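A.B. asks: Quick one, fold the following:
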Amino acid sequence: MEYSQCAFSLGALVLAGYFFRQKQSFSKAKTALQVAEARYGMDFAHRALAQFGELSQGKNTLDRTAFVEHMEKAWKKTHLVPTVSEDELALDFSAMFDAYDTDGNGEVNFVEFLNGLVLVSDSSLKEKAQFIFNSWDHDKDGYLTINEIREAYGKALEGAWRVLDNKLAKDLGANKWNWNGILFSLTQALISAVAHDKDVIEVHVDALMELLDDNKDGRISLEEWLRHSADIPIFKHLGVDEIHHSGVSIVSRCHCKLGEGPHWDDKRGILFFVDILDQKFFSYNPSTRLTQVHSSTLSYPSCIVPCKENNDEFLLTTQKGLAWFNVKEINSEIWIERTKFEDKAENRFNDGKVDLAGRLWAGTMAIDGKRQDGSLYTIEPDGTFQTRRTNVGISNGLCWSPDQKVMYFIDSPLKKVVAFDYDQATGNITNERDVVVFPQDQEPVPDGMTIDTEGMLWIAIWGGARVVRYDPSSGSELTSIPIPAQNVTSCCWGGAELDVLYVTSARCDTDTKKYPAAGCLFAVRNTGAKGFPMNSFSRK
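C.D. replies: As a prediction, this is how the structure comes out:
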């Protein structure tokens with residue numbers, strides 16, 4: 001028997017004993033465990049039980065304060081920069097506690113906790129929204145009335161203030177000033193008054209009704225609730241995926257100024273990408289849903305490629321040239337100065353990708369993007385390089401056909417995708433021709449690009465808030481997927497089956513009120529397509 005199975009068996013025995021002692025329904029526990037196991041593996045329930053025991057401090061149920069504090073800690077770990085105040089978080093997670101508390105007794109037992117974990121671990125905002133809807137729909141008629149919303153929101157608001165009240169008590173308790181008792185009593189009285197202020201509750205309830213009640217019939221249907229679920233306050237700041245369109249979810253709230261260069265490392269199961277303007281690169285792990293950030297002193301890091309021989313090293317294209325960055329030692333060294341490629345001080349490298357032969361293709365551009373002053377180069381692991389194309393405006397999307405006989409390339413200002421006959425052995429490209437042409441009189445332009453196993457191109461549209469699939473043989477558009485970011489920058493295939501399309505975006509030059517998710521990393525699932533593994537680069 002494997003260790004994981006032993007661990008699960010031990011956990012199952014402990015869990016069975018727990019339910020026997022508490023005289024709770026074993027059938028409910030069994031159902032919850034089966035759902036958890038089916039979705040997340042055998043040791044999920046065992047870990048959940050350990051987590052529950054830690055949070056409840058050995059008690060049979062979990063109280064609101066411990067729950068909210070735990071969720072806040074988890075949320076803060078997955079967010080690089082706090083974007084909301086503590087009281088907003090407390091309100092959201094207090095409402096979430098009420099959703100977990102399905103029997104409404106003010107406490108969460110293990111079955112409720114496990115069911116809630118399964119739900120929150122799921123990437124579908126629709127399921128989360130339906131879970132909240134059902135918990136608020138007390139008469140189970142399929143509608144939320146203003147009274148049901150008022151009751152639920154009032155309960156969450158009061159719970160949130162109670163959590164903040166407890167936090168204040170802990171903070172004051174850490175001091176030994178004589179006036180703490182007086183200050184705490186006054187604060188407690190103020191919090192109690194605010195928590196029961198009907199005007200505060202009414203403002204929230206009226207705003208929700210105005211937002212959700214499309215039919216203006218004084219009640220909210222499940223359809224209306226789901227339609228606006230991304231705008232409902234209790235979902236706004238949760239540290240979980242949010243589905244904005246069919247199959248599209250936010251997986252990292254990195255809010256990049258100019259997110260670019262996504263690279264899926266198939267061996268590690270991690271996605272790497274950069275923020276060109278903020279001089280950072282990121283690693284997103286879908287198994288933990290955590291994003292790590294690494295700052296660089298190198299200006300305009302535009303492309304990141306893992307080193308084939310060392311997991312701690314990455315090749316970056318920057319304004320200064322090609323650089324090796326070591327994440328363990330947190331240092332970088334310029335490998336090849338850009339001046340060896342071209343003597344143009346106002347240029348920088350932009351997009352890049354490694355071909356199947358192991359050579360890096362990387363293009364340059366004018367920093368202001370207003371001149372056809374860049375070039376496209378290939379770089380071998382031994383440092384030798386060749387110029388493959390000149391008079392490039394903004395060097396962007398690169399990919400190769402499944403048979404490795406055609407290379408596709410995007411020079412964004414020209415608003416087209418060109419194809420070349422490609423010799424994998426030498427890297428030579430010949431016979432240039434247009435395969436996808438975009439309207440010259442429209443603002444959106446093609447940016448980054450990848451290809452699927454059927455040979456179809458997937459192109460990120462800057463200014464177009466979408467990713468589009470094209471047939472290069474006809475130039476026709478096959479599929480258009482809306483992305484909740486105005487400037488979509490690039491895309492690549494990832495996931496265990498290479499069937500998840502990861503999409504980067506930019507926050508710069510964006511109306512962030514209209515596109516609050518601009519700069520985030522997105523995942524597109526259920527496209528029916530798959531991609532190829534990406535290639536790393538050897539350091540010799």
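
A.B. asks: can we go C-alpha only for contacts and neighbour counts from here?
C.D. replies: Will do.

A.B. asks: Give me the below-cutoff pLDDT ranges for the stretch 151-300 of the chain.
C.D. replies: Along the stretch 151-300 of the chain, the parts satisfying pLDDT under 70 run over 153-205, 207-208, 229-246.

A.B. asks: can you give me the strands for it?
C.D. replies: For the stretch 151-300 of the chain, the strands defined by DSSP state E, counting those that start in this stretch cover 219-221, 242-245, 248-252, 259-265, 270-275, 280-285, 290-295.

A.B. asks: Please name every helix or strand in contact with the helix or strand just after the last one.
C.D. replies: Going back to what we said before, that points to strand 290-295. Next in sequence after strand 290-295, counting helices and strands by DSSP states H and E, comes strand 303-306. With contacts taken as 3 or more Cα pairs under 8 Å, 6 or more residues apart in numbering; DSSP states H and E, strand 303-306 sits against strand 259-265, strand 270-275, strand 313-317, strand 347-354.

A.B. asks: Could you say which of those strands is packed most deeply?
C.D. replies: strand 259-265 (a mean of 28; mean count of other Cα atoms under 10 Å).

A.B. asks: Also compute the angle for it relative to strand 280-285, please.
C.D. replies: 40 degrees (axes from the mean of the first three to the mean of the last three Cα atoms, to 10 degrees).

A.B. asks: picking that back up, the strands of the stretch 151-300 of the chain: which one's closest to Gly519?
C.D. replies: Nearest to Gly519, of all the strands of the stretch 151-300 of the chain, is strand 259-265, at 6.3 Å by Cα to Cα.

A.B. asks: Tabulate the strands of the stretch 151-300 of the chain (a markdown table), appending distance to Asn134.
C.D. replies: Compiled in a markdown table, those are given as follows (distance: least, Cα to Cα, whole Å):
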| stretch | distance to Asn134 |
| --- | --- |
| strand 219-221 | 11 |
| strand 242-245 | 19 |
| strand 248-252 | 23 |
| strand 259-265 | 38 |
| strand 270-275 | 36 |
| strand 280-285 | 32 |
| strand 290-295 | 29 |
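
A.B. asks: Out of those, which gets nearest to Phe522?
C.D. replies: Of all the strands of the stretch 151-300 of the chain, strand 248-252 comes closest under Cα to Cα, at 4.5 Å.

A.B. asks: Isn't Ser412 up against Met449?
C.D. replies: No - contact criterion Cα atoms under 8 Å: Ser412 and Met449 do not qualify, at 11.1 Å.

A.B. asks: what does stretch 514-521 rub up against?
C.D. replies: 250-259, 484-487, 502-507, 510, 512 (Cα atoms under 8 Å, 6 or more residues apart in numbering).

A.B. asks: Any of these buried? List them.
C.D. replies: 250-259, 484-487, 502-507, 510 (16 or more other Cα atoms under 10 Å).

A.B. asks: Show the end-to-end separation of stretch 325-339, please.
C.D. replies: 20 Å (Cα to Cα, to the nearest Å).

A.B. asks: cool, and stretch 338-354?
C.D. replies: One end of stretch 338-354 sits 18 Å from the other (Cα to Cα).

A.B. asks: His138 is in contact with Thr99, correct?
C.D. replies: Thr isn't right for residue 99; it's Ala. No - in this structure, Ala99 is not within contact of His138 by Cα under 8 Å, at 11.8 Å.

A.B. asks: who's more crowded, the two?
C.D. replies: The neighbour count for Ala99 versus His138, taken as other Cα atoms under 10 Å, is higher for Ala99 (23 against 14).

A.B. asks: give me the element that one is part of.
C.D. replies: Secondary-structure assignment from DSSP H and E places Ala99 in helix 86-100.

A.B. asks: Could you do Thr378 as well?
C.D. replies: strand 374-379.

A.B. asks: could you pull out the helices for this protein?
C.D. replies: 3-22, 26-40, 44-56, 64-77, 86-100, 110-121, 125-136, 146-173, 180-195, 198-212, 222-227, 233-236 (DSSP state H).

A.B. asks: how close does Ser221 sit to Thr102?
C.D. replies: 20 Å.

A.B. asks: tell me, what's touching Ser412 and Met449 both at once?
C.D. replies: Both Ser412 and Met449 are in contact with Asn396, where contact means Cα under 8 Å, 6+ apart.

A.B. asks: Those two: which is more packed in?
C.D. replies: Met449 (25 against 22).

A.B. asks: May I ask you to confirm that that one is in contact with Trp493?
C.D. replies: No - no contact is recorded between Met449 and Trp493 when judged using Cα under 8 Å, the distance being 10.4 Å.

A.B. asks: how many other residues sit next to Cys429?
C.D. replies: No Cys there; residue 429 is Ile. Neighbour count for Ile429, taken as other Cα under 10 Å: 17.

A.B. asks: Nearest residue to Phe314 in space, please, no chain neighbours.
C.D. replies: Take Phe314 and drop its neighbours on the chain: the residue closest to it by Cα to Cα, 6 or more residues apart in numbering is Pro306, 4.5 Å away.
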